[in-house]
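In: need a structure here:
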Amino acid sequence: MKKNGGTNASLILADKLDAKGYKLTPQRTLVFEIVSSLSNHPTAEDIFAKAREKMPSISLATVYNCLDVLSGCGAIRSVRLERQGARYCANGKLHAHLHLADGGVIDVPLSGENAQYIRALVPQCYDVGGFELNFTVGAKEKNSCGGR
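Out: Numbers count the residues shown, from 1 in each chain. Prediction:
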């Protein structure tokens, strides 16, 4: 695999894809860059709209396929809550998600101590491979959380 001249992020992406037997394609790179550049946890449709600005020939099906591959190799995470559509997150740091009443999603950093406490809640007869922590929230008062 050619790794000369790439950014650190693209090299990490290439390694993650390669570890799962996938190639780094212009479409996967573009979708990853879009998800990484947006902190609002975009939907596939949001990503498709942005992708069309840079690659007019890309299809929605290609965007979904890229998202599946990128999620499958651990480059991004698919964030879901109940019956809502998937949103996508490229934040690789330990964090939880706040699901807002307006459909938005905000990252909340977790410390190693937080993670250790959460893992300790699981009975010892189970091996915790990972966890996802989601909160559904609404602001106590209108505009009390910086407009969100």
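In: give me the pLDDT for the residue most central in space within the chain.
Out: The residue lying closest to the centre of the chain (C-alpha atoms, centre = their mean) is Cys89, at 1.7 Å. Per-residue confidence (pLDDT) for Cys89: 90.
In: the residue in the chain sticking out farthest from the centre is in what secondary structure piece?
Out: Note on the chain: the largest C-alpha distance from the chain mean falls to Cys125, namely 30.0 Å (C-alpha atoms, centre = their mean). Under the criterion DSSP states H and E, no helix or strand holds Cys125.
In: just the one 10 residues further on next, same as before
Out: Under the assignment given by DSSP H and E, the secondary-structure element containing Phe135 is strand 134-137.
In: re earlier: got the contact list for the residue nearest to the centre of the chain?
Out: Val35, His41, Ile76, Arg77, Val79, His97, Val105, Asp107 (C-beta atoms under 8 Å, 6 or more residues apart in numbering). To be clear about C-beta, it is placed using only N, CA and C from the backbone, and glycine gets the same treatment.
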